[in-house]
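Visitor: Sequence first, then the predicted structure, then my questions.
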Amino acid sequence: MNSLSRRTALVAAATLFACLSAQAQDWPTKPVRIVTPFPAGAGPEAVLRVLAEKLQKKWGKPVIVENKPGANGFIAIDSFKRGATDGHDLIQLDNVHLVAYPHLFKKLPYDPKDFDLIAPLFRTYFFVAVPANTKYKTTGDIIADAKARPGELNYGSWSIGNPVHLGSALLEVMTNTQMQHVIYKETAMLYTGVANGELNWSLGSLATAGPLMRSGRIKFIGVTAPKRHSAFPDIPTVAESGGPAGYEVTGWTALAAPKGLPKAVADRIHKDVEAALAEPDMKERFATFGYESFPTTTEQFNAFIAAESTKYADVIKRTKATLD
């Protein structure tokens, strides 16, 4: 390449960079819509609304949260796919949409590759919840009983393929045990079932199982995290409580954009979202629901999702779980 050609290439590259930077600075040019599959008042939706208020102040444009619950989140995803592709339409995705449903459904009305993931919003770990008057003192006690009585113990959740179901099934897989999965219509009924002794145990978050734990009707004997929860330092991890090493179950949500969103715009959204999530009042709101932020680069987040997808693909295959 001669000197003239090199200069031309450099000028072209500089011009492109300037255009992309200007594009990010000018964005948004109109109201931003964030579609969520969660119903109004649910923990993930409530957090999203607070985030939307903060982003509205940063961006100087309305940020509208649009609830599209139902059909495993497929209604929200369909609405999102028919929206703008320039970043003015975003979506809040649950972890199951990215790491479980692709392996669970025989036919999926979307492709995970349809999305450009911008940032994780929060994650929550679960607790092993048991009746207050149970004989189980540790997670190891549950495992030992399950091995002594194959197929007799039960645990619950609200559907096939949610984080509580798959996290419980993961414990079965990692301990080579067999237990019954009982499905309840509502989370309130599920944890009432634990309190009444209908269920031997269930995984539960602070938001879903916390009220009955605080009232003394159920108790937590382990947390599905790599270390003890800061709010409950006396509750051991599942591994410390006689469970398998490396057992970790989280629920999390992420903000995503349409595939092909300009990197400069995606980077700006990522930066602004992480800054908003780090504000003190957001952390207070997180604590209400037992959530925590986990800031990460896009590359690190994609690697995390790939690992989660591999983990749950194995669980789904080994438990033969499937949905049409």
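Guide: Now that the structure is in, tell me what you want to look at. Numbers count the residues shown, from 1 in each chain.
Visitor: what sits against Ala321?
Guide: Contacts for Ala321 (CB atoms under 8 Å, 6 or more residues apart in numbering) come out as 104, 160-161, 165-166, 169, 315. (C-beta placed from N, C-alpha, C; glycine too.)
Visitor: Specify the local secondary structure of the nearest residue to Leu255 once chain neighbours are set aside.
Guide: With sequence-adjacent residues excluded and distances taken as CB to CB, 6 or more residues apart in numbering, Leu255 is closest to Ile118, at 4.7 Å. Three-state call for Ile118 (DSSP: H, G, I helix; E, B strand; the rest coil): strand.
Visitor: about what we covered before: could you tell me which of the contacts of Ala321 belong to helices?
Guide: Using DSSP state H, the subset of the contacts of Ala321 located in helices is 104, 165-166, 169, 315.
Visitor: List the buried residues in stretch 138-152.
Guide: 138-143, 145-146 (16 or more other CB atoms under 10 Å).
Visitor: Output the below-cut-off pLDDT ranges for the stretch 1-150 of the chain.
Guide: Scanning the stretch 1-150 of the chain for pLDDT under 70 picks out 1-24.
Visitor: where do the helices sit along it?
Guide: Here the stretch 1-150 of the chain has its helices, by DSSP state H, counting those that start in this stretch, at 3-26, 43-59, 74-81, 95-99, 101-104, 139-148.
Visitor: same question, the stretch 201-324 of the chain
Guide: Using DSSP H, counting those that start in this stretch, helices in the stretch 201-324 of the chain cover 206-214, 263-277, 280-289, 298-319.
Visitor: May I see the ones you listed arranged in CSV, with distance to Ala231 and mean neighbour count as well?
Guide: Compiled in CSV, the helices of the stretch 201-324 of the chain are given as follows (distance: least, CB to CB, whole Å; neighbours: other CB atoms under 10 Å):
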stretch, distance to Ala231, mean neighbour count
helix 206-214, 8, 19
helix 263-277, 19, 18
helix 280-289, 8, 14
helix 298-319, 24, 15
